[in-house]
Structures are given as structure tokens and as C-alpha cells.
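**Q** Have a look at this fold, sequence not included:
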């Protein structure tokens, strides 16, 4: 995520300096690729959280049964 923020900051800085269109700058800095990586990481994190939640619920049920 830190890399993505750096890319976004560079795009914003260049946009102010050169008054280029945002879409052109996003293409130059490959922002869509970084965005995809960030979303993929967030999705993996959400999946991991749900898996952990399921395991925790199973453990709680086992504790209650004993």
C-alpha cells in the first residue's frame, strides 16, 4: 500500500507541475497495476479474516461441548 501511495503522490505532483491530464499520468506511472495489487492484497486479507473467524467459531463450539 505504501508503494501505491507514493505513485499517487507522484501523479498528483506531476499534474500540478505540468497540467497534464490525470489519465495520461496514471498510464505513465502504471497506477492501475498498483491499484490492482492493492485490491488483491485487501481481498486476501478479507478472506484470511473470514477463515480465521470460522476457526475461532469452531474452537468456541468445541469449548462449549466439553
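**A** It's in. Predicted model, so just to flag it, every value in this text is computed and none were measured.

**Q** From residue 38, how far out is residue 8?
**A** Separation of residue 8 from residue 38 (Cβ to Cβ, to the nearest Å) stands at 10 Å. From N, CA and C alone the C-beta is placed, and that goes for glycine too.

**Q** Could you report the neighbour count for residue 59?
**A** 10 (other Cβ atoms under 10 Å).

**Q** check which helix or strand covers it.
**A** In this assignment (DSSP states H and E), residue 59 forms part of helix 31-65.

**Q** Identify each buried residue in that helix, please.
**A** For helix 31-65, burial by neighbour count (16 or more other Cβ atoms under 10 Å) applies to 31, 34.

**Q** Could you give the average pLDDT over it?
**A** Mean pLDDT, helix 31-65: 90.

**Q** Let's check: the centremost residue of the protein is which one?
**A** Geometric centre of the chain, nearest residue: residue 38, 2.7 Å, by Cα atoms, centre = their mean.

**Q** Thanks a lot, catch you later.
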